[in-house]
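In: Here is a sequence with its predicted model. Questions after.
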Amino acid sequence: MTEGNFVDYVKLSIHSGNGGKGSTHLHREKFITKGGPDGGDGGRGGHIILRGNPNLWTLFTFKFKRSFSAGHGEHGSKNRSSGAQGEDVYIDVPLGTLVKNTETGDVITEITEKDQEVILLEGGLGGRGNWHFKSPTRQTPRYAQPGIKGREMQITLEMKVLADVGLVGFPNAGKSTLLSALTSAKPKIADYEFTTLKPNLGIVEYRDYRSFVMADIPGIIEGAAQGKGLGHYFLRHIERNSVLLYLIPADTKNLKKEFEILRSELQEFNPELLDKNYMIVLSKCDLLDEELKAEYAKEMKESFGDLPNMMISSVSQMGMIELKDKLWALINEPID
């Protein structure tokens, strides 16, 4: 999906380098009439290497350059001199990038660590020079091996946002407003559904110079696991979040039903998402008076029981400090 400078899906064409040819040179030197073979080996072709870069957060750089070719190996030369190796090409990608073979759809690798390097395509081997083939019965071989050609492949890069907390909820549930209230992020905020079309990241400052990353995911609707709404374009971003924060607005008709729909969509997309630590939050409580707040608090107790839940308002800053405390505890709580 492409929205502004945020790109999380791209197809690339990659080519590794050809190996250099071996040399068929015969040694020539004054006073030596039959110097014999001394052709050197060809250099190997350059590799295509994928490397994790923690300073990147989007695949935007590949929007304009989608083809990468490594250098070819140099040919061998006299005096058994090997050719130079072809130049390797490094492709830097954000952490959380999944690499697939475009033709088969098979997953090749996943980049999750800083400076992690994976060779996607190896360069072709250089051919051996003629001196490798001399023997008592063939003292002047006039042939050498050609270099092996490089390989070509079409790959698909899919990025999954890495964050400590992921905001999950229906469109217009107040996710972007909460992100802007807790962090310095400036997501687009408006009173209509699907205002957010791309994940937004923000850093939440906590006590004692500690912090954690929060991600605002575009809203989920019923049927999202089958691709309805924005479907798989954003559901995959939830997979890399440590804690899920289910956001339910105070103007919803049925709190429990909305929560169950959200959980059902995540389960259908990937059942492992239900194993993550989570918290249920009732947003937009600035719309409620004290009497309604008491009624909603009672309803949340009846609907969710002992599940972690609370009421907040991003506009009036109600419950913001308590929310940070609870999220920090969940982030550092081991998963059963």
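Out: Right, received. Where do you want to start?
In: hey, let's count contacts and neighbours off CA atoms from now on
Out: Fine.
In: Could you list everything residue 281 pairs with in the sheet?
Out: Per DSSP bridges, the residues bridged to residue 281 are residue 247, residue 310.
In: Identify the residues contacting it.
Out: Contacts for residue 281 were tallied using Cα atoms under 8 Å, 6 or more residues apart in numbering; they are 245-248, 309-312.
In: Now tabulate those residues in CSV and tack on neighbour count.
Out: As requested, the contacts of residue 281 are exported to CSV (neighbours: other Cα atoms under 10 Å):
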residue, neighbour count
245, 22
246, 24
247, 26
248, 27
309, 19
310, 17
311, 24
312, 23
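In: Which one of those residues is nearest to residue 86?
Out: residue 245 (49.1 Å; Cα to Cα).
In: wouldn't that closest one be in contact with residue 280 here?
Out: Yes - when contacts are counted by Cα atoms under 8 Å, residue 245 is listed as touching residue 280 (6.0 Å).
In: residues touching the closest residue to residue 35 other than its chain neighbours, list them.
Out: Closest residue to residue 35 apart from its sequence neighbours, by Cα to Cα, 6 or more residues apart in numbering: residue 27 at 4.6 Å. Applying Cα under 8 Å, 6+ apart to residue 27 gives the contacts 34-38, 78-79.
In: again, only using 7 Å
Out: 35-38 (Cα atoms under 7 Å, 6 or more residues apart in numbering).
In: Give me the phi and psi for residue 87.
Out: Backbone torsions of residue 87, given as degrees, to the nearest 10, read phi -70, psi 130.
In: Was I right to think it contacts residue 71?
Out: Yes - at 4.6 Å, residue 87 and residue 71 qualify as touching, with contact defined as Cα atoms under 7 Å.
In: Name the residues contacting each of these two.
Out: residue 46.
In: Between those two, which has more neighbouring residues?
Out: Remark: of residue 87 and residue 71, residue 71 carries more neighbours, 22 against 19, as counted by other Cα atoms under 10 Å.
In: Tell me how many other residues crowd residue 112.
Out: By the measure other Cα under 10 Å, the count of residues near residue 112 is 20.
In: Quick check: buried residues in stretch 46-54?
Out: 46-53 (16 or more other Cα atoms under 10 Å).
In: now, among the residues you listed, which is nearest to residue 67?
Out: residue 48 (11.2 Å).
In: quick one: contacts for residue 52?
Out: Counting by Cα under 7 Å, 6+ apart, residue 52 has contacts 92-95, 111, 113-117.
In: Quick one: buried ones out of these?
Out: Here, 16+ other Cα under 10 Å leaves 92-95, 111, 117 buried among those.
In: Filter those residues down to the ones in strands?
Out: 92-93, 111, 117 (DSSP state E).
In: Take the residues you listed and write them to CSV, including pLDDT and distance to residue 216.
Out: Listed next are these as CSV, based on pLDDT from 0 to 100; distance: Cα to Cα, whole Å:
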residue, pLDDT, distance to residue 216
92, 94, 24
93, 92, 21
111, 90, 22
117, 94, 29
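In: that older thread, which one of the buried ones among the contacts of residue 52 sits closest to residue 212?
Out: Distances from residue 212 to the buried ones among the contacts of residue 52, taken by Cα to Cα, are shortest for residue 95, at 16.3 Å.
In: before we move on, the earlier item: need the contacts of residue 281 in a markdown table with distance to residue 102, can you?
Out: Formatted as a markdown table, the contacts of residue 281 follow (distance: Cα to Cα, whole Å):
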| residue | distance to residue 102 |
| --- | --- |
| 245 | 34 |
| 246 | 34 |
| 247 | 36 |
| 248 | 38 |
| 309 | 43 |
| 310 | 44 |
| 311 | 45 |
| 312 | 44 |
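In: Could you check how sure the model is about the helix or strand that contains residue 260, as an average pLDDT?
Out: Assigned by DSSP states H and E, residue 260 falls within helix 255-269. If you average the pLDDT over helix 255-269, you get 85.
In: And residue 13, how far from residue 115?
Out: Taking Cα to Cα, to the nearest Å as the measure, residue 13 falls 22 Å from residue 115.
In: do the same with residue 11
Out: 22 Å.
In: before we move on, what about residue 316?
Out: Taken as Cα to Cα, the span from residue 316 to residue 115 is 42 Å.
In: got it, and residue 121?
Out: From residue 121 over to residue 115 (counting by Cα to Cα), the distance is 18 Å.
In: repeat for residue 305
Out: In this view, residue 305 and residue 115 are 44 Å apart by Cα to Cα.
In: Could you pull up the contacting residues of the closest residue to residue 103 other than its chain neighbours?
Out: Leaving aside its sequence neighbours, residue 103 sits nearest to residue 154 (Cα to Cα, 6+ apart; 7.0 Å). Shown in contact with residue 154 (Cα under 7 Å, 6+ apart): 12-14, 101-102.
In: Also residue 183?
Out: Residue 183 neighbours (Cα under 7 Å, 6+ apart): 202-204.
In: what pLDDT does it get?
Out: Looking at residue 183, the pLDDT reads 79.
In: Same question for residue 113.
Out: 89.
In: what do you get for residue 313?
Out: 84.
In: From residue 121, how far out is the closest residue to residue 173 other than its chain neighbours?
Out: In space, and not counting its chain neighbours, residue 173 is closest to residue 249: 5.1 Å by Cα to Cα, 6+ apart. From residue 249 across to residue 121, the span is 49 Å (Cα to Cα).
In: Understood, closing this out.
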